[in-house]
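Pasting the sequence and the predicted model now:
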Amino acid sequence: MAKVVFSNAMMIATGGAREAVFAVANFRELTQILIEHWPGLEELIEQSAVAVDGQIYQDAFAEPLAPETEVFFMPRIEGG
């Protein structure tokens, strides 16, 4: 099970949901389920950075997700 936590900016697209739990094997599967569940979320996911158990990723990846993984979607930070 992956626990997904959404930033405040994404909560409008999720109908006010702050977090959700899904049984998934990897990140790609998780994003597919999220898009099916909340169709307006696809563009926000593509524009987001992701933290998996505290490790931040700027690009999508197909890493396996361990049970009880926490995935946090946040606005992507550009530049330096």
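Yes, it's here.

show me where this protein has strands.
When secondary structure is read from DSSP state E, the chain shows strands at 2-6, 19-22, 48-52, 55-57, 69-75.

Now do the first one: which elements does it pack against?
Okay, so that is strand 2-6. When contacts are defined as 3 or more Cβ pairs under 8 Å, 6 or more residues apart in numbering; DSSP states H and E, strand 2-6 sits against strand 19-22, helix 27-37, strand 69-75. For the C-beta atoms, the positions are set from N, CA and C on the backbone; glycine is no exception.

lowest-confidence stretch among the strands of the chain?
Here the lowest mean pLDDT among the strands of the chain goes to strand 55-57, at a mean of 82.

Could you spell out the sheet neighbours of it, each with its direction?
Sheet pairing of strand 55-57 (DSSP bridges) gives strand 48-52 (antiparallel).

Flag every buried residue along the strand it pairs with.
Using 16 or more other Cβ atoms under 10 Å as the test for burial, strand 48-52 gives Ser48, Ala49, Val50, Val52.

What is the most widely separated pair among those?
The two members of these with the most space between them (Cβ to Cβ) are Ser48 and Val52, at 12.4 Å.

so what's the closest residue to Ala51 other than its chain neighbours bridging to?
Using Cβ to Cβ, 6 or more residues apart in numbering and skipping residues adjacent in sequence, the residue nearest Ala51 is Phe72, 4.4 Å away. On the basis of DSSP bridges, Phe72 is bridged to Val5, Ala51.

burial of Phe72, as a residue count?
Phe72 has 18 neighbouring residues, counting by other Cβ atoms under 10 Å.

thought Ile33 was touching Val24?
Yes: in this structure, Ile33 is within contact of Val24 by Cβ atoms under 8 Å, at 6.3 Å.

Quick check, pLDDT for Gly54.
Reading off the confidence values, Gly54 has pLDDT 89.

Now for it, how many residues are close by?
Close neighbours of Gly54, defined as other Cβ under 10 Å, add up to 7.
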